[in-house]
Every structure is written in C-alpha cells, then in structure tokens.
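> need a structure here:
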Amino acid sequence: MNFDEVYIQVKSLRDQIEVWDHAYYVLDDPLVSDAHYDRVFQQLRDLEQQHPHLVTKESPTQKVGGKAVDALLSVRHSVPMLSLDNIFSETQWFDFDRKLSDRLQNGQNQQTYVCEPKLDGLAMSLRYEHGVLVRAATRGDGTEGEDVTHTVRTVRNIPLRLRGVFPEWIEVRGEILMPLAAFARINEEAWLRGERQFANPRNAAAGSVRQLDPTVAARRGLKFFAYAVAEASTSLPRTHEQTLEWLADLGFARASWVKRVVGADEVAQHFAALAKARAQLPYEIDGMVVKLDDRIGQDILGYVARAPRWAIAWKFPAQEVQTRLIGIDWQVGRTGALTPVAHLEPVQVGGVTVRHATLHNLAEMQRLDVRPGDQVVLYRAGDVIPKIDRVLVEQRTGEVPAVVLPLTCPVCGAHVQRPEGEAVARCSGGLFCPAQRMEALLHFVSRKAMAIDGLGEKLIQQLFEKGLVHQPADLYRLNRDGLRQLERMGDKLASQLLLSIAQSKATTLPRLLLALGIRTVGESTAQALATHFRDLSALMHASLDDLLRVPDIGPVTAEYVAGFFAEDHNREIIEDLLRCGIHWTPVQDAVGWTGGSVVLTGTLEHMSRQQARDLLLRLGAKVSSSVSAKTFAVIAGHDPGSKRTEAERLGIPIWDEAQFLAFLAEKGLQP
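Below you'll find the model as predicted:
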C-alpha cells in the first residue's frame, strides 16, 4: 500500500474502534465480540508499528500505556476545583433547601434540583483543545493539582477525541473511580503476591492515577464519570441537566441514578432509594450530591469560602457490623513492611463478604488491643474493606496474651527492624527475603541504580518462575541458553540484554549502595556515604557512631545502614556480586556545594537528566523534584513546563544548559 492507502486504512480502523469503545465502555452495549475487537485492534497496532509517523496521541492504541514520566508536575487550575459542604440528615437537607429558596427569592415554592450519586473516587479536570485531550489534572488543593495526563489517557471510557460538534476548547470536571470488581481483582492479586492491599477503591484509584508508569494504570480498570463543565470557548447550557446531556453527546459516560427532581420531598425520596440500592451498584458511593438545576440561580447564589451555595453533599450514615477475630498473621510486603492481618469469621458488609482486615501496623494493633477470639466492630464509611473500629473487651473470655511484633521475619528469618519513633516494622532481609525479591530486584536493575536496560517486571517475573534468578548475582550468570526459555526472547533481544548486564558491572559506589536497597538510602544519601567512607569495606564495618558523623545522616538512617551490613546474608550477596565482576572507580573527594537544592526540568541536549543529577550529587548538591522558596536554582532545558513558571514566580534563578555546563567546567567536571 502507498502512504495515502495506509493513512486511510489507519483512520478507518481508529474510527471503527472508537465507535466500539464508546458503545462498550460508555454505553455498556458491546457491538462486536471480544475476539473480533482484538483482531481489529491488533491490525491497527501492527500498522502503527510499521508506520510510526502515523501514531497520534488520540489513537485507541495509546490507551494501553505509554512512556513513564520522571515526576508529576504541578498544574494551576484556571477555574478553581471547589469542594462541597456536607449534610448528614434529612433535617439538615430541608434546612438547606429552605435557606436556598430564601436567598433566591424567585417566587417558586419548590426548586428544581439534579441528584447525582456522590462517587467515591478522585476528582479530575480534563482539558480538550480542538476536540483532543491535552491535559488531565487532579484537584490537589483546589488551586493547584498534579498533571496526570499520561495515566488518565489509559482510562478506557475517557475519550481521547471528543464526539459530535465540540467547542474550540473545553474543561470537563468529573470523577475517576475504580469499580468494585476491579478493586476486588487487584486486591486478590496483591494478597496472593504477599503485597499490601488497598484500603478502599478511592485509594486504589488515586494511587493508580498518580503512578509514574502509565502501564500500571492501564491495567487497573479505572472509569471516569463527567459531572460538570468548568469553562468552555462557547456559552454553556442553561441548566445542569442540559450540561450533562451535552457531555454525553461529546462522548462522556454518565453515572447511573442521576435524576432531575422538583422539590425537597422528591430529593429526600431519591436519597432513600439510592441508599437502598447502594449495595447493588458496581462502584462505591458515599452519598448523594444535590445541585440546583438552573444556572442563572447558581450564579445568583454564588459561593461561600471554597464551596458553592447551590450544591450540597448528603452523606450516607456509617455502617457497623460485629464479628469474631479468629487470629492475627504477619504479612510481609514487597518493601519488607510487616503488616498485621486480622482473620475474621466471614461477615456481610454492604453486599461484600469480609474475611480479613488490615490492622496497618503494630501501633494501631496496640491501640485497639485486639486479640484472637475477640468480638470486634468493623466500621465502614465509604471503605469496601472495613477497618476494625473497636474491640468489645467486655465480651472477652479468659486471659489471652497480647500479640507482639515478631523478632524475625516470618518469611526469611532475617531480623525485624523498627527504629524508634516509626510505626512500621520491616524485615531486614532485602534482596535475600523471598517476599521482597521481586521489588528488590526491580530496584536493583533500575535506571538510577545498576541501570540494566531491558529488564522489566514481566521479564524478571519469568526469570523467577523459571528458577533462573534468585539473587542479584544470578543476573550476571545468565547465558543465551537460559534466556531462550523465556517467552518472546529471540537471539537479538537476548544479546542486547546480556550486553546490558555485562556493561552494568562497571558502576560507581553510590549506584551500588543505592541498588542494594538499604532502607531510607536514596541517591543523595548513597553519595554522602560513598564520599565519606570512600571504600565499601570501611562502610560495611562502620559503627553507629561512625555513620552519625556522615553529613545529613540521622539516627534512623544510621540504624538501617548498620543493621543491613550486620546481616550475614546481605554480606554474602555483596561478596557474590564482587565475585561476578562488579567494580567501580575510586571515589573522589566532593567538589563542594554551598547552595540549597537544585531542580531539573525539561530536556537537556548534551546529557541526560540522570547524568545531570549524578553530576550535581557529585558536587554535593541536593536534587529536588519540586520548586520551593528554598530552591537554589532551576536548570531548565527544552520544554521545561510548570517548574520554570513556578521558579519565575518565586524569583528563583533559572540556568539554561550553557550556564550549567560553564558552572560544571569551573568545578572541573564535564558530562
């Protein structure tokens, strides 16, 4: 096919998939079988791979996740994202209606309202220009939020391109949430992997949206429901109900149980019906939002503080159930955190059967004084997995000893650490502990640590499952025959991976220290330790007093570092790595730094952001991800974004790349 034919076919496939996506994800009315959809989708993906210049941001293939970002940038809302005042009873509702009518003085005995379920998710603002999604931002503090466009683009029922007749630009407000089925699935998967579970769908949705890697969010099954237009290049509809209809025409999903009603009595009746139907909804809600339908009336009423006078959130009452606690186990997460988990006699809570609940940490468990056999009250106010609110101590029979923190990890037997003042206890096993190996190894190979390109989560998972890798040093023993056992591992990919592994042997001491995954040891701390001790052996034999002499090393970090090197298995892992050829150039003295923190933003031509970060750390500078009044300077490359704007607002010095290179040259450094 020539270029025109390919372009026409790609556009045709995209248009067809967009129609199917809208029917499936927005209208809940699938038009084709999953198998047929998958075949057409793969056909589009193949064409885009063959002709990458035809890939656009609004293509349906981009919903499966793109490149990860380094950090979430701040976004200032042109129209503030306000919160709502809450009411909790029918009496408060009728009082709100009376005050609203008195303020309007429109001569109507009964006002017209629109009732919507109060979705328990994450408020989101979507900006479209010429019909294409250009930015998605969280609510934040209402004035500034975070740019999460990279993850929000993966939400399947959010249109990347608006349908029908759309304005030149429009900002849509709504809620991203996680359906209960998706929430149950990811928590079950986390449970099987020994990871900490999300407490509720709202936290799960927020955590998914704020991921730096969009492929994580793409797997979470998130949904978006639009409920307002903040501003647009054209005049807005006269009523709120018409606004919702307009949003539906543009391609946005609308939550169920949205109803236009007349009078306070009908609102109360709808609230009662919604509360009764709550347990059958596919997503979590925690009340009902009531909005005056007439936009002119909204303008007359205006706002008070940070909330509109024309809308209110009527919250559901909290739910409580009682059951018996069978026992308490300790779960070790991927980061080594020990979490007490309560096993319960099964009990129905809001249509969900609950068999276990997290106790979060030792301090929370001690506060509750919960013990096996106790009758406990589960408290649910918007949470699908309830929390233990209190123990019915008066029903306790006999003397039952209190549950204590184990001294050693229940998985690997390594010592458990809990520095003074910290609520969370952690296994010190790190790379040795089976519960932590996956997370620890992913950290070990990451860009800022050993920088082994091509080793992602799926590939490492296969290496574990095939028994090819148990410890970091096993990576350096891999060969072509072993790699051929992995899915989709051809000779070319195997050669590239083996080369990347071999190249990572030549590293720096700060990178190796960071790769070891010592708790609280980040880039700056690793650099400080390497600069101070200069030699790995000296660091491994350092006492707590020795560690406390290192600049910016506090008691908690010193205890974690000393505890790490005190474990025989951690020393064995290091010795094994050295036998495999890990080496580094001798550590030089720090050049010296007298300023505050430095922020990097934009794209640099003569070096990567990581190289720039390494050079700044070499100087002894602290590299921050956000601009504040304490920032020494912002180094701005091409397309610097909001960080440069914030620096200008605060009067922070801004260096271009040429100034940065000149500064490095003065210090005797170069990329």
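> quick one: secondary structure of residue 133?
strand (DSSP: H, G, I helix; E, B strand; the rest coil).
> how much space is there between the residue lying closest to residue 585 once chain neighbours are set aside and residue 522?
Counting by Cβ to Cβ, 6 or more residues apart in numbering, residue 585 lies nearest to residue 508, which is 7.0 Å off, once chain neighbours are set aside. Bear in mind the C-beta positions are built from the backbone N, C-alpha and C, glycine included. Between residue 508 and residue 522 the computed distance is 15 Å (Cβ to Cβ, to the nearest Å).
> the longest helix in the protein is where?
Ranked by number of residues, the top helix in the chain under DSSP state H is helix 3-21.
> Please state the offset of that helix from the chain centre?
Using Cα atoms, centre = their mean, to the nearest Å, the distance from the centre of helix 3-21 to the centre of the chain it belongs to is 32 Å.
> Could you do stretch 245-255 as well?
That offset, for stretch 245-255, works out to 27 Å (Cα atoms, centre = their mean).
> And stretch 322-336, by the same measure?
Per Cα atoms, centre = their mean, the centroid offset for stretch 322-336 relative to its chain is 24 Å.
> Just the buried positions in it, please.
By neighbour count on 16 or more other Cβ atoms under 10 Å, the buried set for stretch 322-336 is 323, 325, 328, 330-336.
> show me the contacts for residue 632.
595-598, 621, 652-653 (Cβ atoms under 8 Å, 6 or more residues apart in numbering).
> How about residue 170?
Taking Cβ under 8 Å, 6+ apart, one finds 127-128, 162, 229, 231-233, 250 in contact with residue 170.
> just to revisit the earlier point, narrow the contacts of residue 632 to those in strands?
If you go by DSSP state E, these have 597-598 in strands.
> How about residues contacting stretch 558-577?
Outside stretch 558-577, the residues within contact range by Cβ under 8 Å, 6+ apart are 414-415, 417, 419, 428-432, 471-473, 476, 512, 516, 518-521, 529, 536, 539-544, 547-548, 550, 553.
> then stretch 623-632 to CSV, C-alphas only?
Output of stretch 623-632 as CSV, limited to C-alpha atoms (Å, rounded to 0.1, in the frame of the first residue of the first chain):
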residue,chain,number,x,y,z
VAL,A,623,18.4,17.4,43.7
SER,A,624,14.7,18.0,44.3
SER,A,625,11.6,17.2,42.2
SER,A,626,9.7,20.4,43.2
VAL,A,627,10.4,24.1,43.3
SER,A,628,10.2,25.9,46.7
ALA,A,629,11.4,29.1,48.3
LYS,A,630,14.5,27.2,49.4
THR,A,631,15.5,26.1,45.9
PHE,A,632,19.0,27.4,44.9
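> Show me how far it is from its chain's centre.
That offset, for stretch 623-632, works out to 22 Å (Cα atoms, centre = their mean).
> That stretch: which residues count as buried?
623-624, 627, 631-632.
> wait, which of these is closest to residue 492?
Taking Cβ to Cβ as the measure, residue 492 sits nearest to residue 623 out of the buried residues of stretch 623-632, at 35.8 Å.
> Enumerate every residue touching residue 138.
Residues in contact with residue 138 (Cβ under 8 Å, 6+ apart) are 122-125, 145-146, 148, 209-210.
> Please repeat the previous calculation with a cut-off of 7 Å.
Residue 138 makes contact with 122, 124, 145-146, 148, 209, according to Cβ atoms under 7 Å, 6 or more residues apart in numbering.
> got a list of what the closest residue to residue 410 other than its chain neighbours touches?
Among residues not flanking residue 410 along the chain, residue 330 sits closest, at 5.2 Å (Cβ to Cβ, 6+ apart). Each residue near residue 330 by Cβ under 7 Å, 6+ apart is listed here: 338, 340, 406, 410.
> mind showing which ranges of the stretch 101-250 of the chain have poor pLDDT?
194, 196, 199 (pLDDT under 70).
> Let me see the ranges of the strands in it.
112-119, 122-129, 132-138, 144-146, 169-177, 223-232 (DSSP state E, counting those that start in this stretch).
> and the ones you listed as JSON lines, adding distance to residue 76?
As requested, those are exported to JSON lines (distance: least, Cβ to Cβ, whole Å):
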{"stretch": "strand 112-119", "distance to residue 76": "25"}
{"stretch": "strand 122-129", "distance to residue 76": "11"}
{"stretch": "strand 132-138", "distance to residue 76": "9"}
{"stretch": "strand 144-146", "distance to residue 76": "5"}
{"stretch": "strand 169-177", "distance to residue 76": "13"}
{"stretch": "strand 223-232", "distance to residue 76": "13"}
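> For the helix or strand harbouring residue 48, name the packing helices and strands.
Assigned by DSSP states H and E, residue 48 falls within helix 34-50. Where contact means 3 or more Cβ pairs under 7 Å, 6 or more residues apart in numbering; DSSP states H and E, helix 34-50 is packed against helix 3-21.
> which secondary structure elements does the helix it packs on contact?
Partner elements for helix 3-21 (3+ Cβ pairs under 7 Å, 6+ apart): helix 34-50.
> Only the buried residues of the helix it packs on, if you could.
Neighbour-count burial for helix 34-50 [16+ other Cβ under 10 Å]: 37, 41, 44-45, 47-48.
> before we move on, what about stretch 567-586?
567, 569-570, 573-574, 576-577, 582.
> and it, average pLDDT?
For stretch 567-586, mean pLDDT rounds to 92.
> where's it relative to the chain centroid, distance-wise?
With Cα atoms, centre = their mean, you get 33 Å for stretch 567-586.
> cool, stretch 651-660 as well?
That offset, for stretch 651-660, works out to 31 Å (Cα atoms, centre = their mean).
> buried stuff in that stretch?
In stretch 651-660, counting by 16+ other Cβ under 10 Å, buried: 652, 654, 657, 660.
> now, which of these lie within helices?
657, 660.
> export the buried residues of stretch 651-660 to TSV and tack on pLDDT and distance to residue 172?
Below are the buried residues of stretch 651-660 laid out as TSV (pLDDT from 0 to 100; distance: Cβ to Cβ, whole Å):
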residue	pLDDT	distance to residue 172
652	90	33
654	92	33
657	90	37
660	89	39
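> Greatest separation within the buried residues of stretch 651-660: which pair is it?
Spanning the widest gap among the buried residues of stretch 651-660 are 652 and 657, at 16.9 Å by Cβ to Cβ.
> can you tell me which residues contact the residue lying closest to residue 185 once chain neighbours are set aside?
Using Cβ to Cβ, 6+ apart and skipping the chain neighbours, the partner closest in space to residue 185 is residue 221 (7.4 Å). Contacts for residue 221 (Cβ under 7 Å, 6+ apart) come out as 178-179, 182.
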